[in-house]
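Asks: How does the following fold in three dimensions:
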Amino acid sequence: MMSEVDPDFSRRAADELARTSLFAFTWRVFGELHRGRVDRFIPNWHVQAICHELENLWRGENRRLVITVPPRHLKSIATAVAFPAWLLGQDPSAKIIVASYGLDLARKHAEDFRRVLESDWYRRLFPRNRIAPRGARQDEIRTTKGGGRKAVSIGGAVTGFGADYIVIDDLLKAGDASSETERLRAQDYIESSLLSRFDDPRNGRVVAIQQRLHEVDPAGYLLSKGTYRHLNLPAIAEEEALIPLGFGKGHHRRVGDVLVPQRMDRTVLDELRREMGTAVFNMQYQQNPISADGSALKWEWFKIYDEPDPRDWFQLIVQSWDTGMSSDPRSDYSVCTTWGFREGLWYLLDLFRDRLEFPDLKRKALTLGETWHADKVLIEKAGSGIPLLQECHRAVPSRFREIRPIQDKEVRFNAACAPIEEGKVVLPRNASWLAEFRRELLGFPRSKHDDQVDSVSQFLNWSTGNGFHRSLPRDSPYRPSHKRRETLMRR
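Replies: Residues are numbered from 1 along each chain as shown. Just a heads-up that it's a prediction; the model follows:
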């Protein structure tokens, strides 16, 4: 007759495993942060690979590490929460700085970290590590042994806190990645504020983990130094690779293998690719910030029509303005694109492009709106667009709508490429403006002018949101379901 396993022995064995294995410890941390729901943790090989590389960093086998992984794949829990807690369990005197792009995110991870350290199971695992009296602040936790974890956000001061380990977790927001100013700001923060904090520069350790956002995002910047080990985990394997997992074991990835199929299978990833567009998907999920031809757009994605149909054939007509400031030859152009919607497709019907003084700009906006009997006219609320909106809205209140972009030009253009890639945008085969239109779109962001790009981006991003769907008749089959409307409202 088999004897029952002693529950105390099982607990001691599990504790010893979590004490010595970062992977087992991360599993335990996940349960703590998800109200004991350890069953929701997927013990996938990629978490083992991340933990193996972090353990090597701790051992000193490597002192510089970059990990690139898609969003929502446990990167922050493993690296910004579990790893610092496990490090302090091994050595309560260790000093750790964890840097994130925003103060709210940094404090969220700090609160999760504090919650782990105060848990009964952690105190049982690591009885030598205790939070010092008055040592728990919102962004900094100190131990009784002089160690601790300090949370900082980009631009935040790190004075007065030395470091043995620096963890860089998503230092750049996706919406800021196309801004050279923000990229340089992140690079400067790494060099001048973070890497200068080592108590012992010869033995200081750095790990940066993120999704790729740009060729010279923080990960790209660090990798360009040539001194960082790189663990790259694309959502879909593009080449065969043997990923070390520790203890002489490895995971063999074959071309086409999905990273975590239990969570995001190929169907889900293909849908994400269609929604986001290939360029954005390649960056954030495939960890490849460079498209094959250097452009987010491929001309062959556009559909073509021969002869325009009459105005009444279209269910909706929308115009999109990007306004310049004057008629000076050095000024930007004012551009209006006119779009017709029919059976799920958007037809580019007309393109106006000229340099105009404000009175002529106002006159042209009103005239084009009337000529096409436009249902909506979109104008960015910036520069000359502000008085133009005021004047035109007084004339035709129901027609003109203000647009307030919250991201930079490249991010907006990349997002606008998604409906083009899906085959939802149709261009005329023959138009006098088509050659210049093509040249500007394919040359962006390197082209001299981007006014047509801005007009197109503004319109196509509006066309995928709630503003467009509210413009359709209630019985239109293209109005989204209630659940889909809730998703659009959150955009």
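Asks: hey, let's count contacts and neighbours off CA atoms from now on
Replies: Fine.
Asks: Run through the strands of the stretch 251-400 of the chain in chain order.
Replies: Ranges of strands in the stretch 251-400 of the chain, per DSSP state E, counting those that start in this stretch, are 303-305, 316-322, 334-342, 345-354, 376-380, 400-403.
Asks: Contacts for the fourth one, please.
Replies: Around strand 345-354, the neighbours that count as contacts under CA atoms under 8 Å, 6 or more residues apart in numbering are 308, 333-341, 424-428, 433.
Asks: Using PyMOL, make a named selection holding only the buried ones among those residues.
Replies: Here is the PyMOL command that selects only those of the contacts of strand 345-354 that count as buried (16 or more other CA atoms under 10 Å):
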select buried, resi 333+334+335+336+337+338+339+340+341+424+425+426+427+428
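Asks: min pLDDT across the contacts of strand 345-354, which one?
Replies: Lowest pLDDT among the contacts of strand 345-354: P308, with 85.
Asks: Let's verify R142: helix, strand, or coil?
Replies: Three-state call for R142 (DSSP: H, G, I helix; E, B strand; the rest coil): strand.
Asks: who are the neighbours in contact with it?
Replies: Applying CA under 8 Å, 6+ apart, one finds that R142 lies in contact with I131, A132, G135, A136, G148, R149.
Asks: Nearest to R263, out of the strands of the stretch 251-400 of the chain?
Replies: Nearest to R263 among these is strand 345-354; the distance by CA to CA comes to 32.2 Å.
Asks: Dump that closest one to CSV, keeping only the CA atoms.
Replies: Provided in CSV are the C-alpha atoms of strand 345-354 (Å, rounded to 0.1, in the frame of the first residue of the first chain):
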residue,chain,number,x,y,z
LEU,A,345,-14.9,50.1,-49.5
TRP,A,346,-13.5,53.7,-49.5
TYR,A,347,-13.0,55.3,-52.9
LEU,A,348,-10.6,58.3,-53.2
LEU,A,349,-12.7,60.5,-55.6
ASP,A,350,-10.7,63.8,-55.6
LEU,A,351,-7.6,65.5,-54.3
PHE,A,352,-7.1,69.2,-54.0
ARG,A,353,-3.6,70.5,-53.2
ASP,A,354,-2.6,74.2,-53.3
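Asks: got the buried residues for it?
Replies: L345, W346, Y347, L348, L349, D350, L351, R353.
Asks: Now do it against strand 316-322, angle only.
Replies: Put simply, strand 345-354 runs at 40 degrees to strand 316-322, going by axes from the mean of the first three to the mean of the last three CA atoms, to 10 degrees.
Asks: Sheet-wise, list the partners of strand 345-354 with their directions.
Replies: strand 334-342 (antiparallel), strand 425-428 (parallel) (DSSP bridges).
Asks: before we move on, the earlier item: now, of the contacts of R142, which are buried?
Replies: Using 16+ other CA under 10 Å, the buried members of these are I131, A136, G148, R149.
Asks: Report the contact partners of the second one.
Replies: The contact partners of A136, taken as CA under 8 Å, 6+ apart, are R114, R142.
Asks: tell me the pLDDT at it?
Replies: In this model, A136 is scored at 79, pLDDT.
Asks: Likewise for the third one?
Replies: Looking at G148, its pLDDT is 93.
Asks: Identify the residue nearest it in space, chain neighbours excluded?
Replies: Sequence neighbours aside, R142 is the residue nearest to G148 in space, at 4.2 Å (criterion: CA to CA, 6 or more residues apart in numbering).
Asks: From what I see, P92 and G146 are in contact.
Replies: Yes - at 7.3 Å, P92 and G146 qualify as touching, with contact defined as CA atoms under 8 Å.
Asks: quick one: which of those two has more around it?
Replies: The residue with more neighbours, out of P92 and G146, is P92; 22 against 13, by other CA atoms under 10 Å.
Asks: show me what contacts the more buried one?
Replies: For P92, the contact set (CA under 8 Å, 6+ apart) comprises R128, N129, R130, T143, T144, K145, G146, G147, G148.
Asks: wait, which of those is closest to Q287?
Replies: Scanning the contacts of P92 for proximity to Q287, where the rule is CA to CA, the winner is G148, at 32.0 Å.
Asks: Identify each buried residue in stretch 34-54, please.
Replies: Applying a neighbour-count criterion of 16+ other CA under 10 Å, the buried positions in stretch 34-54 are V38, W45, H46, V47, Q48, A49, I50, C51, H52, E53, L54.
Asks: How about the fourth one: what's its closest non-neighbour residue?
Replies: The shortest distance from V47 to any residue other than its chain neighbours is 7.0 Å, reached at F23 (CA to CA, 6+ apart).
Asks: Pull the number of nearby residues for the one you found.
Replies: 25.
Asks: In this model Q48 seems to touch it, though I could be wrong.
Replies: Yes - if you go by CA under 8 Å, F23 and Q48 touch, sitting 5.7 Å apart.
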